[in-house]
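Engineer: Generate a structure from the sequence data that follows.
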Amino acid sequence: MTGLADRLAARTLELVDIPSPSGHEAAIRERLLALVPSALEPAYEGDEAYLFLPAERSGRPLVVLAGHYDTVPAQGNLPGRREDGVVRGLGTSDMKGGLAVALELVRDLGRPSGPYDLGLLLFGREELPADRNPLPALFAECPAVHEVALAVLLEPTDLELQAGCLGNLVARLTFHGRSGHSARPWLAENAIARALTGLGPLLELPARPAVVGGLEFVEVLSVTGLEAGIAPNVVPGEATATLNFRYAPDRTPDEAEDHLRALAPVGATLEIVSHAPPGRVATDSPHVRRLRDAGRLELAPKQAWTNVADFTAHGIDAVNFGPGSTAHAHRQDELVEVRSLVRAYEVLQRFLSRPVGDDPA
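Structural biologist: The predicted structure is shown next:
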């Protein structure tokens with residue numbers, strides 16, 4: 001095993017072994033900030049968002065490597081371990097392996113002599129609802145972030161270059177009845193019965209394919225929760241379902257909300273709980289083309305929501321590219337392959353260092 005592979009695996013394992021469930025990121029935040037090289041200086045230090053840019057800008061286009069340091073709650077998968085060519089443990093795939101790659105790159109490259117200036121964005125609370133996202137404050141308060149030519153989020157992508165992302169709309173759909181005694185249900189109107197009838201057509205909705213920027217996204221509506229009942233002997237007068245609408249980037253946020261309201265059964269009440277708009281598909285960017293060429297990467301849609309949407313909402317090109325396995329994200333047996341860590345590092349190093357016009361690898 002090469003020295004680079006050992007180094008990336010060790011860094012990943014170090015980060016995994018610092019617990020950082022969303023809302024409890026202090027320990028890993030402090031460790032990460034201590035690892036940022038002196039060639040980068042803080043351009044923004046906010047509430048769980050930290051942007052570092054070169055102390056001396058060259059005037060070259062600015063590329064920022066970005067990643068979140070929080071994880072979902074543990075499932076008995078801490079501490080991590082390294083075995084058989086993989087690192088196992090909470091956050092290995094989503095996305096401490098990607099963080100390890102980004103950190104080692106900015107530490108190794110120092111002041112790049114290639115075609116780009118290089119920055120680093122570290123942030124938390126990514127695994128929480130949209131209203132806890134720390135990046136809107138970054139874009140509102142930090143002029144320097146608007147100078148970014150390309151942001152690369154090292155989310156798990158199976159080493160594909162994934163463009164755009166789905167919108168993520170969460171809503172509560174409440175069905176109304178009339179409560180009553182369970183011994184005389186004919187005097188009541190059971191809201192659960194109304195919910196089962198009303199949710200049936202929503203559960204049977206087919207997925208909608210949508211081609212955007214030459215990539216096919218799949219739009220889906222899921223029922224992810226159902227709450228009803230106050231006591232075993234009470235027919236409930238209210239039942240509430242949670243809906244999660246993952247919509248394609250060919251819809252605007254307003255169109256997505258209007259579409260969901262049109263699907264709500266008559267008599268039910270729809271309340272939008274959180275809404276993270278989709279990310280623009282930035283396949284026409286020359287920097288994205290250079291990144292793709294640097295590793296002969298497969299181009300695919302991001303069938304999820306990521307913070308590329310925060311960048312593209314402000315006119316900044318952004319893509320997802322990382323070593324993690326999408327199939328292992330959030331799983332109890334989460335893992336990242338060491339060879340994927342090496343591959344992601346080498347592709348990004350080539351992209352950041354290879355002069356414009358050189359033949360791709």
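Engineer: What's the per-residue pLDDT of the most centrally placed residue in the chain here?
Structural biologist: Closest to where the C-alpha atoms of the chain average out (CA atoms, centre = their mean) is Thr306, at 3.0 Å. At Thr306 the predicted local confidence, pLDDT, stands at 96.
Engineer: Would you mind measuring from it to Val336?
Structural biologist: Thr306 sits 17 Å away from Val336, going by CB to CB, to the nearest Å. Every residue, glycine included, has its C-beta placed from N, CA and C.
Engineer: how about the residue nearest to the centre of the chain, what does it touch?
Structural biologist: Residues near Thr306 by CB atoms under 8 Å, 6 or more residues apart in numbering: 153, 155, 165, 279, 320.
Engineer: tell me which residues form a beta bridge with the last one?
Structural biologist: With DSSP bridges applied, the residues forming beta bridges to Asn320 are Leu153, Gln162.
Engineer: Can you tell me the number of residues neighbouring it?
Structural biologist: Look at Asn320: counted by other CB atoms under 10 Å, it has 29 neighbours.
Engineer: hey, where'd the strands end up in the stretch 1-150 of the chain?
Structural biologist: For the stretch 1-150 of the chain, applying DSSP state E, counting those that start in this stretch gives strands covering 40-45, 49-54, 62-68, 81-83, 86-88, 117-123, 148-153.
Engineer: if we compare the ones you listed, which one ends up closest to Arg31?
Structural biologist: For those, the distance to Arg31 is smallest for strand 117-123, at 10.6 Å, taking CB to CB.
Engineer: where does the residue nearest to Ser222 when sequence neighbours are not counted land in three-state SS?
Structural biologist: Leaving out its chain neighbours, the residue that sits closest to Ser222 by CB to CB, 6 or more residues apart in numbering is Asn244, at 4.8 Å. What DSSP: H, G, I helix; E, B strand; the rest coil gives for Asn244 is strand.
Engineer: Please give the number of neighbouring residues around Asn244.
Structural biologist: Other residues close to Asn244 by other CB under 10 Å number 16.
Engineer: surely it meets Leu202?
Structural biologist: No: counting by CB atoms under 8 Å, Asn244 does not reach Leu202; the two are 11.2 Å apart.
Engineer: Can you pull the residues that touch both of those two?
Structural biologist: What both Asn244 and Leu202 touch, as defined by CB under 8 Å, 6+ apart, is the set 221, 223.
Engineer: contacting residues for Gln75?
Structural biologist: Per CB under 8 Å, 6+ apart, neighbours of Gln75: 90, 331-332.
Engineer: And those, which of them are buried?
Structural biologist: Leu90 (16 or more other CB atoms under 10 Å).
Engineer: which residues sit in contact with the nearest residue to Tyr50 once chain neighbours are set aside?
Structural biologist: Leaving out its chain neighbours, the residue that sits closest to Tyr50 by CB to CB, 6+ apart is Leu122, at 4.8 Å. For Leu122, the contact set (CB under 8 Å, 6+ apart) comprises 29, 32-33, 36, 49-50, 52, 66-69, 99.
Engineer: Also Leu260?
Structural biologist: Counting by CB under 8 Å, 6+ apart, Leu260 has contacts 169, 171, 221, 243, 245, 270.
Engineer: Can you tell me the element the third one falls in?
Structural biologist: Assigned by DSSP states H and E, Leu221 belongs to strand 215-228.
Engineer: before we move on, what about the first one?
Structural biologist: Taking DSSP H and E as the criterion, the element that holds Leu169 is strand 167-176.
Engineer: on contacts alone, who are the packing partners of the helix or strand just after that strand?
Structural biologist: Note on strand 167-176: by DSSP H and E, the next helix or strand toward the C-terminus is strand 180-181. With contacts taken as 3 or more CB pairs under 8 Å, 6 or more residues apart in numbering; DSSP states H and E, strand 180-181 sits against strand 234-235.
Engineer: What segments of this protein are helices?
Structural biologist: According to DSSP state H, the chain carries its helices in the segments 3-16, 26-35, 97-109, 135-141, 191-203, 253-263, 286-295, 308-312, 338-353.
Engineer: Out of the contacts of Leu260, who's the most crowded?
Structural biologist: Scoring these on neighbours with other CB under 10 Å, the highest-scoring entry is Leu169 at 26 neighbours.
Engineer: Verify the stated contact: it with Ala248.
Structural biologist: No: judged on CB under 8 Å, Leu169 makes no contact with Ala248 at a distance of 11.8 Å.
Engineer: Show me the strands paired with the strand holding Leu221, marking each as parallel or antiparallel.
Structural biologist: strand 208-212 (antiparallel), strand 238-247 (antiparallel).
Engineer: Kindly indicate which of the contacts of Leu260 lies nearest Leu215.
Structural biologist: Distances from Leu215 to those, taken by CB to CB, are shortest for Phe245, at 19.5 Å.
Engineer: Specify the beta-bridge partners of the closest residue to the closest one other than its chain neighbours.
Structural biologist: Once flanking residues are discounted, Phe245 sits nearest to Leu169: 4.2 Å by CB to CB, 6+ apart. Taking DSSP bridges as the rule, Leu169 bridges to Phe245, His275.
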